[in-house]
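Student: here are the coordinates; sequence isn't available:
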């Protein structure tokens, strides 16, 4: 029997098969796109439960369905591979604080990490930043891994109701209303960081205002298009 | 029957088979060379008609013949895959305004996007810029996607009779008298941007004058050489 | 018979089979991760002997078990492929001076080399630097290859009891208590150098204090995780 | 019959088979290592003749034995594929002026091109520059392709008796006493340029003196090592 209560799935419930596959693909995409460095993790809320799925003790690039783990928001083991990632409180605390969020990505991209230690803020100057405000993402100031609920809650507070937070000397955490959106935003935050870095070397660039950012919003007819592209690239590994 | 009028091809007309293949290859080249980021499109004028072929709702790297679409210059659907790209007016308005242009590329290269937000203009300092004037490409200032004919016409006006235009916070649009030339120019504009960026970090570089640019013009005995090279690289995907 | 004395292995001793495989894998990882440039070498102490294994006259990316060599700390040949690397004293002198060290990597990463010629010191501002002190690695000032014991001893003196040393106009040398740790540190030193370079272009970055570095120390439950990731990437060659 | 005179080979002479293979491999290496951009060429002197072999109308990455051409120093066709490269005078004029030179590489590396337009000279600060003097390579100032003997002779004059010359807005030309050396130097000149670029962004770097450069000279026991490495990488294409 695969459900602990009527309609509430256990780790092995068939209704989780599709989301597990998508979660593994998300990990591979972040690896293939050069966002992760062998570390980081993606999570997804388990529908109807105060719990989430993420990868256990494994690099995103090596993720597979049998290396996923289910934890509740207190870090209690609910099934799957047995060793949770060190930083499970990132996911638990944000998913608890943000009912609108379905998926969380935590990665160590060069570009997010770079802006996390600069005296200059990362602000949108390119349409990749259209999911951000003109002020750019806030910074979680504390150095160190997020291995305690106290730190996880502090991170969730800095994130607030926004889409992303930089983490000093460490990387970023990005949320979405599904796995695909969280991944797309994570990639775009990194690409925005790269272009912002390049532009800042030449003087004050032309940033986008909130009004201008809104002009880039598409009608979202094509939500699957970016994901299809990322998946098509998985056949070859990144350099 | 594949022609709507004598000599005027429909989407399925066999005389379009070759140009469709070239259009798909062009999309793959721009992906392989790292010019596109999962978005952007290439178009080609349909001979004898006020219409063009481009890719439908798909990333250039995933383009295939059965995902091409034919539209007229008002965006009316004339055949092929059913969903036009958001920014079809880029192609329609330029092809209407510029009878000499046979093909249009719109992409989001890092380097064009970078110069689109800098206080410094992109000007030729390398022979890649030999298709440009010494002043470099103009800038389309408006932020936002080009999803209306009004915006498409404004873009065409900034392009004027030149080969390329940068688009703020967005990318570039480049034209050619065939698909191969539009692609080659798009790649070269990106490569020029990279070198100009690097050079500008060290002080004022030595730009090329119009007279000097002319000395790099080749006798064009080898138009197929660059294309052959790009095609040879398609077997491996870009990082 | 494969041991010269009771319990002391010769080059062909079966008890060295595993460490030889790991040594070859280490070389391939440093090549795949873009750390080496066709040169450099990894060594490992032979248990119970004043001797070490390294690669002979071959690039790390072309290493194989039959191209390994065993040398003692005076450079005397003890077995395997016949031609030692030019710079064997790097390994011999450090392994002699540092009984705690089991493995030494010498490579030419762009980032270590860069900081070796800058007027600015490489200091940790990212958790990759958590194996370093807040002061960063020392610099071996002498230009030139380390082909003599005199130079090897000078290098070991600059290294002191630390994990890494930069070598001017040349690269770095990094030590570990096993091959995996030496490789992981070598990669992280390069990645730290890259981010430090990028950050320094924007003004004084926020460096990490020794206390902050300590907060990134993991509980080391997952020592094999990074290595598993590196191995998974060997199937494709670096760009 | 494959020799025009006793001991003087024609294009099809079997004694040229090996050098043709090496010439093709050299072209592929320069492509794989990211030195060329679809253009450029490598040449080798034909022993006993005032003639050379190079690639005809083809990108280095697409070179093959049946696309080689033999020309004399006046550009007269002596065999092979029929269309010479536009810039054959680079090879002819240098080989005529420099009897010590057996092979010439002309490429468009980003890094050589960059320094060709900067107000700062490229000077050795890394052991890659050990084949250069502390002053670095001279600059051929004229913009434009080298399609005439007049330009070729001017280029040879700037090269003088040195190993390399930068060409403004264009690239570089590098010579060697065999194909392998010319290729190795070409790659190292590009890599040196990359590191010099990075270093110059942080203030005046520590350059190497001529005495220091000499300390990096190896005993050249391993001339085939770098070449073996480059060849091992040909199986995968560059990004």
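Tutor: Good, I have the coordinates. Quantities reported herein were computed from a predicted structural model and do not represent experimental measurements.

Student: C-alpha only now, for contacts and for neighbours.
Tutor: Noted.

Student: Any figure for the gap between residue A:229 and residue B:58?
Tutor: 8 Å (CA to CA, to the nearest Å).

Student: Comparing the two, which shows the higher neighbour count?
Tutor: Between residue A:229 and residue B:58, counted using other CA atoms under 10 Å in any protein chain shown, the more crowded position is residue B:58 (24 against 19).

Student: what's that one sitting at in phi/psi?
Tutor: phi -160, psi 150 (degrees, to the nearest 10).

Student: what bridges to residue A:43?
Tutor: Taking DSSP bridges as the rule, residue A:43 bridges to residue A:54, residue A:104.

Student: hey, where'd the strands end up in chain A?
Tutor: A:3-5, A:8-9, A:41-45, A:51-55, A:68-72, A:77-80, A:103-107, A:139-140, A:164-167, A:171-176 (DSSP state E).

Student: can you put those strands in TSV and add mean pLDDT and mean neighbour count?
Tutor: Formatted as TSV, the strands of chain A follow (pLDDT from 0 to 100; neighbours: other CA atoms under 10 Å in any protein chain shown):
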stretch	mean pLDDT	mean neighbour count
strand A:3-5	52	11
strand A:8-9	82	17
strand A:41-45	98	28
strand A:51-55	98	26
strand A:68-72	98	24
strand A:77-80	97	17
strand A:103-107	98	28
strand A:139-140	98	22
strand A:164-167	98	27
strand A:171-176	97	26
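
Student: In TSV, list those strands along with distance to residue C:106.
Tutor: Shown next, in TSV, are the strands of chain A (distance: least, CA to CA, whole Å):
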stretch	distance to residue C:106
strand A:3-5	55
strand A:8-9	52
strand A:41-45	32
strand A:51-55	34
strand A:68-72	37
strand A:77-80	41
strand A:103-107	29
strand A:139-140	36
strand A:164-167	32
strand A:171-176	29
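
Student: quick one: the residue positioned nearest the centre of chain A from residue A:167, how far?
Tutor: Nearest to the geometric centre of chain A sits residue A:105, at 1.6 Å (CA atoms, centre = their mean). Distance of residue A:105 to residue A:167, computed by CA to CA: 13 Å.

Student: okay, and the common contacts of those two?
Tutor: Both residue A:105 and residue A:167 are in contact with residue A:173, where contact means CA atoms under 8 Å, 6 or more residues apart in numbering or on different chains.

Student: got the contact list for the longest helix seen in chain A?
Tutor: Ranked by residue count, the top helix of chain A under DSSP state H comes out as helix A:179-200. Under the criterion CA under 8 Å, 6+ apart, residues A:22-23, A:26, A:30, A:33, A:35, A:43-44, A:102-105, A:109-112, A:115, A:122-126, A:128-129, A:131, A:173-176, A:205, A:226-227, B:110, B:114-115, B:117-118, C:202 lie in contact with helix A:179-200.

Student: Helices - which of these land there?
Tutor: Using DSSP H, A:22-23, A:26, A:30, A:110-112, A:115, A:226-227, B:110, B:114-115 are the members of the contacts of helix A:179-200 that sit in helices.

Student: which one of those residues is nearest chain C?
Tutor: Nearest to chain C among the ones in helices among the contacts of helix A:179-200 is residue A:110, at 6.9 Å by CA to the nearest CA.

Student: Could you give the number of residues near the closest one?
Tutor: Residues within reach of residue A:110, counting by other CA under 10 Å, total 24.

Student: Up against chain C, what does chain A have?
Tutor: For chain A, the residues in contact with chain C (CA under 8 Å from any CA of the partner chain) are A:38-39, A:57-59, A:61-62, A:110, A:113-115, A:117-120, A:143-145, A:168-170, A:200-201, A:236-237, A:239.
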